[in-house]
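1. Pasting the sequence and the predicted coordinates here, then a few questions.
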Amino acid sequence: MRFPHADARAQATGESPALSLVVASRGEPRALRALLGALLPLAGECGVEVVVARGGAHPETAGLAREFPGVRFFAAPEDATPQALRFTGMAEATGDVVMLAADDDPSAPERLLHLCRTYAAAE
């Protein structure tokens with residue numbers, strides 16, 4: 001499955017990331033901050049694009065965007081379901097392979113590492 005944003009980025013830059021991580025976030029910013037802190041070193045090593053779809057307008061979201069400048073943040077309605085948040089993030093992701101996570105997912109760093117290793121071995 002391809003998304004229009006992936007094709008636009010590929011045309012503009014000549015390449016798109018192979019892997020994208022979409023984080024659906026409805027909880028408190030502390031959980032998201034902790035997750036991004038754990039994921040970003042791995043994402044940087046693997047060249048993974050990180051996209052956060054955030055439900056509602058929490059006052060700390062702008063601060064998170066400044067704290068994690070390499071992460072792309074997208075707003076969704078406050079009452080967005082987890083499924084709607086995932087769809088919002090996937091529509092913005094540019095990778096060929098998309099991993100989904102929630103902001104309170106303790107297994108996400110381990111799953112991302114496994115995905116990166118598997119993808120690298122397949123190339």
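-> That came through, no problem. Residues are numbered from 1 along each chain as shown.
2. low-scoring stretches of the chain, by residue?
-> Within the chain, the ranges that satisfy pLDDT under 70 run 1-17, 57, 123.
3. Please, where are all the helices along it?
-> Assigned by DSSP state H, the helices in the chain fall at 4-13, 29-46, 61-67, 82-92, 108-122.
4. and those helices as a markdown table, adding mean neighbour count?
-> (Each C-beta comes from the backbone N, C-alpha and C, glycine too.) Formatted as a markdown table, the helices of the chain follow (neighbours: other Cβ atoms under 10 Å):
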| stretch | mean neighbour count |
| --- | --- |
| helix 4-13 | 13 |
| helix 29-46 | 17 |
| helix 61-67 | 13 |
| helix 82-92 | 18 |
| helix 108-122 | 14 |
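5. Of those helices, which is nearest residue 98?
-> Nearest to residue 98 among the helices of the chain is helix 82-92; the distance by Cβ to Cβ comes to 5.7 Å.
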